[in-house]
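Trainee: Got a predicted structure here, sequence first:
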Amino acid sequence: MNKILARSFSTGANFFASGKGKAPVRVAITGASGQIGYQLLFRIASGDMLGKDQPIILQCLELPGAMNSLKGVAMELDDCAFPLLKGIVQSDKPEEAFAGADYALLVGARPRSKGMERGDLLKANAEIFSVQGKALDKSANRDTLRVLVVGNPANTNALIAARNAPNIDPKRFSAMTRLDHNRGLAQLADKTGSAVTDIEKFCIWGNHSATQYPDINFGTVKGKSLVNTINDQKWVKDNFIPTVQQRGAAIIAARGLSSAASAASAAIDHMRDWTYGTNGQWTSMAIYSEGEYGADKGLYFSFPVIVDNKGKYEIVKGLKLDQFSQERFDATRKELLSEMDGVKELLP
Ligand SMILES: NC(=O)C1=CN([C@@H]2O[C@H](COP(=O)(O)OP(=O)(O)OC[C@H]3O[C@@H](n4cnc5c(N)ncnc54)[C@H](O)[C@@H]3O)[C@@H](O)[C@H]2O)C=CC1
Ligand SMILES: O=C([O-])CC(=O)C(=O)O
């Protein structure tokens, strides 16, 4: 099923955000009627991701059994009368949903439930990303495409999707560790009695999993060393790092469902920053490794990155990892290698 709504808006409240003059960009979202999708679509359509002057066509992919639910979501999107929303595609066919896509947010996958690790989803979800990688290769806009994999285990699913899209630059694929990054910022701001915007040069290394390494060693708060300001290595080791690593499980324990609004918010942050830049600030993105810092070439590994105002990311270079950091870096690197080994039959 494929439905495109043509729209035009001109006056009143729409005046300031009509996006007149710019051509619409195509944003594909998989799992569009799921928990995260339901948060994401409305924020993208309102301009939170690409700005209040960028018209959008939403291209939603769902499973055949969820098309009715997707229809309801599309009706709600209509009812918001978003000035920037120029069309909604509803499809259960990946190639159709990805046709001409400039952005693809690959969310649709099974979430974990209580007691599971994200890696337990590997077999359940891997096939989805192999099919979708092939479909992106055939129908997306290869010259502009930015892919964010949210569905877990996100790093390895990004690897599968990218390897199944041989005609697309692997650097156009990424996986989401921005939620972990934001979780870390919130904990650090709380601990130091500062605002999240006061914290700089914090990063997540490795996998979006319990082995990820939230690293404060280069961090600053209001320009002063975070390590010296906190002055409590025990808190960092026994409280901060495990809190960030286990936050997803803590949300599941509390809500009975995995994080959704915060995940959607992080996806918006990731894509916005990848497009418009980070103003010289560090953020964390799981991206194609060329072997930086000893992360094996080809893995999708979270690094500290800076994105310029043309949307080009660069890994922060020249950082020295101490022994404590190196051990954690190696643990998450090894987990990613073992996940890769577990899906090798899906990696052309
Ligand atoms: N990387 C991150 O930081 C985070 C990742 N996640 C992951 O995001 C994924 C989605 O989570 P929720 O939205 O909460 O799950 P959900 O179960 O509420 O929604 C998933 C949606 O995907 C759809 N879907 C499943 N297979 C599909 C396919 N092959 N093509 C298109 N649609 C498909 C389902 O019909 C469903 O509507 C999960 O794997 C979850 O673990 C969740 C939070 C954070
Ligand atoms: O923990 C989960 O399963 C969902 C997720 O990835 C997160 O909240 O970081």
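Mentor: All right, it came through fine. Ligands and ions are numbered 1, 2, ... in the order given.

Trainee: Quick one: low-confidence residue ranges for the protein.
Mentor: For the chain, the stretches with pLDDT under 70 are 1-20.

Trainee: At the contact with ligand 1, which residues of it appear?
Mentor: 30-31, 33-37, 61-63, 66, 107-112, 128, 150-152, 154, 176, 179, 208, 258-260, 263 (CB under 6 Å from any ligand atom). The way it works is simple: take the backbone N, C-alpha and C, and place the C-beta from them, glycine included.

Trainee: For the closest residue to ligand 2 within the stretch 101-250 of the chain, which residues are in contact?
Mentor: Closest approach between the stretch 101-250 of the chain and ligand 2, counting by CB to the nearest ligand atom: residue 248, at 2.2 Å. If you count contacts by CB atoms under 8 Å, 6 or more residues apart in numbering, residue 248 has them with 118, 258-259.

Trainee: Is it correct that residue 301 falls within a strand?
Mentor: Yes. Remark: residue 301 belongs to a strand, assigned using DSSP: H, G, I helix; E, B strand; the rest coil.

Trainee: which residues in the stretch 1-150 of the chain form helices?
Mentor: Assigned by DSSP state H, counting those that start in this stretch, the stretch 1-150 of the chain shows helices spanning 35-45, 67-80, 94-97, 122-139.

Trainee: how about those helices in JSON lines, adding mean neighbour count?
Mentor: Below are the helices of the stretch 1-150 of the chain laid out as JSON lines (neighbours: other CB atoms under 10 Å):
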{"stretch": "helix 35-45", "mean neighbour count": "22"}
{"stretch": "helix 67-80", "mean neighbour count": "15"}
{"stretch": "helix 94-97", "mean neighbour count": "22"}
{"stretch": "helix 122-139", "mean neighbour count": "20"}
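
Trainee: Can you convert those helices into TSV and add a column each for distance to residue 183?
Mentor: Shown next, in TSV, are the helices of the stretch 1-150 of the chain (distance: least, CB to CB, whole Å):
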stretch	distance to residue 183
helix 35-45	16
helix 67-80	27
helix 94-97	30
helix 122-139	22
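
Trainee: Show me which residues of the stretch 1-150 of the chain sit near ligand 2.
Mentor: 111-112, 118.

Trainee: In PyMOL, how would I select the buried members of those?
Mentor: The PyMOL selection below is limited to those of those classed as buried (16 or more other CB atoms under 10 Å):
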select buried, resi 111+112+118
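
Trainee: from the residues of the stretch 1-150 of the chain next to ligand 2, which is closest to ligand 1?
Mentor: residue 111 (3.8 Å).

Trainee: hang on, the closest one packs against residue 35?
Mentor: Yes. Between residue 111 and residue 35 there is a contact at 7.5 Å, judged by CB atoms under 8 Å.

Trainee: Common neighbours of those two, please.
Mentor: Common neighbours of residue 111 and residue 35 are listed as 257-258 (criterion: CB under 8 Å, 6+ apart).

Trainee: Number of residues surrounding the residue nearest to residue 134 when sequence neighbours are not counted?
Mentor: Distances taken as CB to CB, 6 or more residues apart in numbering put residue 164 closest to residue 134, at 4.9 Å, once the chain neighbours are dropped. Residue 164: 20 surrounding residues under other CB atoms under 10 Å.

Trainee: is it true that residue 164 touches residue 137?
Mentor: Yes. Judged on CB under 8 Å, residue 164 makes contact with residue 137 at a distance of 6.9 Å.

Trainee: tell me which residues in stretch 285-297 are buried?
Mentor: 285-289, 293, 295.

Trainee: ah, wrong one, I meant stretch 168-178
Mentor: The neighbour-count check on stretch 168-178 (16+ other CB under 10 Å) flags 168, 170, 172-178 as buried.

Trainee: do the same with stretch 341-348
Mentor: Residues 343, 346-347 are the ones in stretch 341-348 that count as buried (16+ other CB under 10 Å).

Trainee: who's in contact with it?
Mentor: Here stretch 341-348 has contacts from 122-123, 126-127, 129-130, 156, 159-160, 163-164, 166, 340, using CB under 8 Å, 6+ apart.

Trainee: what residues are up against the residue in the stretch 1-150 of the chain positioned nearest to ligand 1?
Mentor: Nearest to ligand 1, among the residues of the stretch 1-150 of the chain, is residue 34, at 1.9 Å (CB to the nearest ligand atom). By CB under 8 Å, 6+ apart, residue 34 lies in contact with 66, 107-108.

Trainee: one step back: who are the contact partners of the residue nearest to residue 134?
Mentor: Shown in contact with residue 164 (CB under 8 Å, 6+ apart): 129-134, 137, 346, 348.

Trainee: so how far is stretch 323-338 off the chain centroid?
Mentor: Distance of stretch 323-338 from the chain centroid (CA atoms, centre = their mean, to the nearest Å) equals 21 Å.

Trainee: Correction: the previous question concerned stretch 124-132.
Mentor: Worked out by CA atoms, centre = their mean, stretch 124-132 lies 17 Å from the chain centre.

Trainee: show me where the stretch 151-300 of the chain has helices.
Mentor: Secondary structure of the stretch 151-300 of the chain (DSSP H, counting those that start in this stretch): helices at 154-163, 178-192, 226-230, 233-235, 241-245, 247-255, 261-276.
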